[in-house]
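> Quick one: sequence and predicted model below, then my questions.
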Amino acid sequence: CLATLVIMLVGDTYTLINYVSFINYLCYGVTIIGLIVLRWKKPKIFRPIKVNLLIPITYLAFWAFLLIFSLYSEPVVCGVGLIIILTGVPVFFLGVYWRNKPKCVNRLIESMTCWGQKLCFVVYPQGGVAEEE
């Protein structure tokens, strides 16, 4: 979010749209690659929707062409898009991967979560007993 705010303040909207579209297409392709890998490594798990593998493989062929063309035609935009994606890596390691955090870090994360929920008018379910209507 901070990187996006900085880009909005520095650049124009067209550039931001280019960054986000590159990031979206990159994530779509990685998702399809994950689908194919799971189909090969775990073919017996339950899937509510199962499609022929020809469809995701065809999608990946077009995806790879568009991604390579984007990297060739606008390398700076793609590089900034990759940097934006990589800003999430430290957040993942601090928030998810690091299990034995000190209590002060947990309190900070909880207060930031509460602040974000109030800012966006959302409430995370607490997992308690549901109220009857």
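That came through fine.

> Specify the local secondary structure of residue 52.
On the three-state scheme (DSSP: H, G, I helix; E, B strand; the rest coil), residue 52 is labelled coil.

> how close does it sit to residue 15?
Using C-beta to C-beta, to the nearest Å, residue 52 is found at 38 Å from residue 15. C-beta coordinates here come from the backbone N, C-alpha and C atoms, glycine included.

> Tell me the secondary structure at the closest residue to residue 38 other than its chain neighbours.
Distances taken as C-beta to C-beta, 6 or more residues apart in numbering put residue 45 closest to residue 38, at 7.4 Å, once the chain neighbours are dropped. The assignment at residue 45 comes out as coil when based on three-state DSSP.

> got a pLDDT number for residue 45?
On the pLDDT scale, residue 45 is placed at 87.

> what does residue 128 give?
49.

> Nearest the geometric middle of the protein, what residue?
Closest to where the C-alpha atoms of the chain average out (C-alpha atoms, centre = their mean) is residue 27, at 6.8 Å.

> what's around the residue nearest to residue 38, how many residues?
Per other C-beta atoms under 10 Å, the neighbour tally for residue 45 reads 8.

> now residue 24: how far from residue 63?
For residue 24, the distance to residue 63 equals 11 Å [C-beta to C-beta].

> More neighbours: which of these two?
For residue 24 and residue 63, the more surrounded residue by other C-beta under 10 Å is residue 63, and the numbers stand at 18 against 11.

> my read: that one touches residue 30, true?
No. Using C-beta atoms under 8 Å, residue 63 is not in contact with residue 30, being 9.7 Å away.

> And the pLDDT at residue 54?
For residue 54, the predicted pLDDT is 92.

> about what we covered before: in this model residue 35 seems to touch the residue nearest to residue 38, though I could be wrong.
No. Counting by C-beta under 8 Å, residue 45 does not reach residue 35; the two are 11.9 Å apart.

> Which one's more surrounded, residue 52 and residue 15?
residue 15 (16 against 8).

> which residues of the protein fall in helices?
Using DSSP state H, the helices of the chain run over residues 2-10, 13-41, 54-73, 75-86, 88-92, 103-120.
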